[in-house]
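Undergrad: Whatever this is, show me its structure:
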Amino acid sequence: MNDEADISEEKQEVFFILKCISLSAIFITNHWIFYFFAPGEEFTQAASLLVATIIIFIPVISEAKEHFHEGKFGMNELVLIAMAVCCAQYQYMEAAIIGIIMSLHEVIEHWTPSGSTSSLQNALKLHEKDVVRINLDKTETVKASQLKRDDIIQILPGEVFPVDGRVTEGQSTVDKSSITGESIPVDVGVGTQILAGTSNLSGLLTLKVSNAVNETVISHLDKIMTEAKESKSEIASLVDRISAPYAMCALAMCITVFFFTKNADQAIALLIVSFPDALVMAAPLAMVAALTNCARCGILLKTPQSLLRVSKCPSILMDKTGTLSQGDLTVKEIHSEQSNEQELINYSVALAKLSNHPVSTSIASLTATKTYNVINFKEEHGLGISATIDDKTVCIGRYKWIQKLDKNISLQLPSNLSMSVVAINGKFAGYFKLEDRLRNETRKVISLLLKDSYTKIKIISGDLISRVKTIAKELNVDFKGECLPSDKVDEIKTASKHSDVIFVGDGLNDAPAMAIADIGISMKGTGNELTTGNADIILLRNDLSCLPFLRELSVKTNAIIAQNIIFGVGFVILGIFLAATEVLSPAFAAIFHLLDAIFIVFNSARLMRVNLPE
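TA: Below you'll find the model as predicted:
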C-alpha cells in the first residue's frame, strides 16, 4: 500500500513538472509570436519571457528545497544557480530554456521506471475488489484485502483472481497471460494452483486462499520492480557518495573560469554539462527494462542482482524429474509377488495419496477397489514413503531403500523406465515401472546452453543410474544418478570450488540444493513452498526455454549497464570540452545534457526486445 502511495505521489510530481514545462513553453511561444508579428510590443515580449522563467523556476526550486532539507547538493542546485545567473544578466530566454530542458531530464529520470510498473500497479488494485467469501455455509461480501490464508472464496466467470489459491471445487478455463505470459487459455480444476491477476473465463470456481493480497506473486513482482528502480551500479553508488563535493568542485571550477574569462555564458555552460546524471541512471533504467521483460515472460526474481549473476555462473546442475522431464509419470507395468495384484494397488494408492512426489501422484492415480485408514505416515526425502495400513507396514520407494528392508530382493533395473518398489512388513511385495518423457523443449534448451563453450551442465537426479545415464547420453551432458538430497548438496559444493553454480529443480528434495547454490532456479512457481522459498528465480510458466532466455538477458543487461556508464562518462568529458572551447551556449549545454539521458533510455529499452527461444 505504501509503495503504491509512493508511486502515485511520484506520478503527481512528474505531472506537475510537465504542467510547468507546458505553461513555460506557451509563454515562450507567445514571446516569439509578438516578436515576429508585433515587434513594437516590447513590454509584452519581455513580460512573456519573465513569466515563462518564473513558472519553470517553481519545480527547480521545489527540487532544490527538498534536497536542501535532505542535506544534499547536486544537479538541481547547479541548475538553480545557472538560471539565477542568467536572470541576473537579463537573459530570461536562456534561463527559461535551461529550466525546461533540465526539467525534461528530471521527467525522463522519474517517468521511465514508473511507467514500466504501471501494469503492476493496476494489478495491485485487486485489494480493492469485492470478493464472495464462504464461511460455515454462509456467504459474505468482503474486500480482497480482508482475506486471510485458508479462507474459501468464490470466483465468478469474468472475474479476476485477487489472491493466490488452489481450486477446491469447479472447473473453468482461465487466462494467465498477464502473469506468466502464456497467451493460450488453460483448463483448470480441483487441485490447480491459481495466481492472483489470472482471469476466470468460463466456470464458477471455489478457491482456498494460499497467499493473502500482500503475499501474492504480483505483490512480490512489484517489490522487485521497486528495488530495481533503486538499484545502483558501483559507479552510480560512488557518484551518490561524492555528489555534494563534486557539485561544489564543479561550482568552484565555473567561478574560476568566470573570474579569469569574465564570460558568464561559458561558466554556466560548464556548470550544466559537468554533472554526471547519466551514471546515476545507468543501472536502474537497464534493470527496470530487464525485469519488466522477465515479468512479461512469467519469470519471478527474488532480487534484481540475481539476473546479473546468471551469466556469471558457468556450471549448471539440473534435476531430472519435473525439470528436464515432464514430471507426469505414467505407470507402464505392475508386478506383484502375490497372486492378488489388486491388493498391492489398493495399499499403494492409499499410501501414495498422502505424498505430493511425482511418483506418488502417478501411483495414486491408479484405480483402487478398497480404501484404508492410513496411520504413522512418514516421508523419507529422496528415499520413499511408509505408513501403517490395515495393521501392516507398507513402504514404497527406491530399490536400494527397500533392499535394506529385504536383503533377499534381486531385481533387474530398467534402463528406460523409472521403478518404484513396494515392501509389506519388511518383505518385497512388488514394483511399479513408470515412464517419464523428456519435455518437448529439453533437447533444444540444452543445445542452446551448450553453445557457450564455458558452460558445463550436469544432471543430478534421484532416479536410477541407468535411466539418468540414458538421458545424459542423449543430451550429451555429465550426470550422477541415485542422489539423495545430501548428495545433491555435495555435488553443488564440489562444483562451487571451481565456479559459481546454478541449480535448477522443482521437488521438495531439491530445497537443500536450491538453498546452497549461487543461483537457485525453481520450476513450477506454484509448486512446493519450501523449494520456491529457497529459489532465487522462479519460472511461473514452467517452461525450460526460460533458461537460455535468462542467460541471454543477463549477458545483455550487464553489457548495456556498462555501455550506459561509458557513454555517460564520455558525454561529460565531451561536454566539458565543448563548453570550455565556447562551442556550447547555456541553452545548448542544457540540450546536450538531455541527450545522454535520452540515449540511456533508448539503449536500456533494447532489453525489452530479448525474447524466449521459439
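Undergrad: Now the longest strand along the chain: average pLDDT?
TA: Determined from DSSP state E, the single longest strand within the chain is strand 427-435. The average pLDDT for strand 427-435 rounds to 89.
Undergrad: Quick one: name whatever helix or strand follows that strand.
TA: Remark: after strand 427-435, the chain's next helix or strand is helix 442-449, criterion DSSP states H and E.
Undergrad: Packing partners of that next one?
TA: Where contact means 3 or more C-beta pairs under 8 Å, 6 or more residues apart in numbering; DSSP states H and E, helix 442-449 is packed against helix 465-475, helix 546-580. For every residue, glycine as well, the C-beta is placed using N, CA and C.
Undergrad: any chance of those in TSV, with mean pLDDT and mean neighbour count too?
TA: As requested, the helices and strands packed on helix 442-449 are exported to TSV (pLDDT from 0 to 100; neighbours: other C-beta atoms under 10 Å):
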stretch	mean pLDDT	mean neighbour count
helix 465-475	86	18
helix 546-580	90	20
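Undergrad: Serialize these to CSV and add fields for distance to Thr292.
TA: Listed next are the helices and strands packed on helix 442-449 as CSV, based on distance: least, C-beta to C-beta, whole Å:
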stretch, distance to Thr292
helix 465-475, 32
helix 546-580, 11
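Undergrad: wait, which of the ones you listed is closest to Ile56?
TA: helix 546-580 (21.5 Å; C-beta to C-beta).
Undergrad: Distance from the chain centre to the closest one, please.
TA: The chain centre lies 21 Å from the centre of helix 546-580; the measure is C-alpha atoms, centre = their mean, to the nearest Å.
Undergrad: What residues does the nearest residue to Gly505 once chain neighbours are set aside make contact with?
TA: Counting by C-beta to C-beta, 6 or more residues apart in numbering, the nearest residue to Gly505 once its immediate chain neighbours are dropped is Asp319, at 3.8 Å. Residues in contact with Asp319, defined by C-beta atoms under 8 Å, 6 or more residues apart in numbering, are Ile459, Ile460, Ser461, Lys488, Phe503, Val504, Gly505, Asp506, Gly507, Asp510.
Undergrad: any idea which of those residues is least confident?
TA: pLDDT across the contacts of Asp319 is at its lowest for Gly507, which sits at 70.
Undergrad: what residues are up against the nearest residue to it once chain neighbours are set aside?
TA: For Gly507, ignoring the flanking residues on the chain, the nearest one in space by C-beta to C-beta, 6+ apart is Gly322 at 6.1 Å. Counting by C-beta under 8 Å, 6+ apart, Gly322 makes contact with Pro358, Gly505, Asp506, Gly507, Met523, Lys524.
Undergrad: Contact partners for the first one?
TA: With contacts defined as C-beta under 8 Å, 6+ apart, the neighbours of Pro358 are Thr321, Gly322, Gly327, Asp328, Leu329, Asp436, Gly507.
Undergrad: swap the cut-off to 10 Å and go again
TA: Applying C-beta atoms under 10 Å, 6 or more residues apart in numbering to Pro358 gives the contacts Thr321, Gly322, Ser325, Gln326, Gly327, Asp328, Leu329, Ser418, Leu434, Asp436, Asp506, Gly507.
Undergrad: Most widely separated two among those residues?
TA: Farthest pair in the contacts of Pro358 (C-beta to C-beta) is Leu434 and Asp506. Separation: 16.8 Å.
Undergrad: More neighbours: those two, which one.
TA: The neighbour count for Leu434 versus Asp506, taken as other C-beta atoms under 10 Å, is higher for Asp506 (25 against 21).
Undergrad: looking at it, that one is touching Asn356, isn't it?
TA: No - in this structure, Asp506 is not within contact of Asn356 by C-beta atoms under 10 Å, at 11.1 Å.
Undergrad: Tell me the strands beside the longest strand of the chain, with direction?
TA: Sheet pairing for strand 427-435, assigned by DSSP bridges, gives strand 330-336 (antiparallel), strand 418-424 (antiparallel).
Undergrad: Would you agree Leu448 is in contact with Glu614?
TA: No - checked against C-beta under 10 Å, the pair Leu448 and Glu614 is beyond contact range at 11.1 Å.
Undergrad: Comparing these two, which residue is more hemmed in?
TA: Applying other C-beta under 10 Å to Leu448 and Glu614 shows that Leu448 carries more neighbours, namely 18 against 5.
Undergrad: Leaving out chain neighbours, which residue sits closest to the more buried one?
TA: The shortest distance from Leu448 to any non-neighbouring residue, by C-beta to C-beta, 6+ apart, is to Pro548 (4.1 Å).
Undergrad: Also Leu285?
TA: Closest residue to Leu285 apart from its sequence neighbours, by C-beta to C-beta, 6+ apart: Ser604 at 4.2 Å.
Undergrad: And that neighbour, which helix or strand is it part of?
TA: Assigned by DSSP H and E, Ser604 falls in helix 586-605.
Undergrad: Name the helix or strand of the protein that has the lowest mean pLDDT.
TA: helix 118-124 (a mean of 48; mean pLDDT, DSSP states H and E).
Undergrad: which other helices and strands contact the next helix or strand after that helix?
TA: Downstream of helix 118-124, the first helix or strand assigned by DSSP H and E is strand 130-135. The contact analysis (3 or more C-beta pairs under 10 Å, 6 or more residues apart in numbering; DSSP states H and E) places strand 130-135 against strand 138-143, strand 152-155, strand 205-211.
Undergrad: can you put those strands in CSV and add mean neighbour count?
TA: Below are the helices and strands packed on strand 130-135 laid out as CSV (neighbours: other C-beta atoms under 10 Å):
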stretch, mean neighbour count
strand 138-143, 11
strand 152-155, 20
strand 205-211, 21
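Undergrad: Could you dump those strands into JSON lines with mean pLDDT and distance to Ile600 added?
TA: Formatted as JSON lines, the helices and strands packed on strand 130-135 follow (pLDDT from 0 to 100; distance: least, C-beta to C-beta, whole Å):
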{"stretch": "strand 138-143", "mean pLDDT": "84", "distance to Ile600": "41"}
{"stretch": "strand 152-155", "mean pLDDT": "89", "distance to Ile600": "43"}
{"stretch": "strand 205-211", "mean pLDDT": "87", "distance to Ile600": "36"}
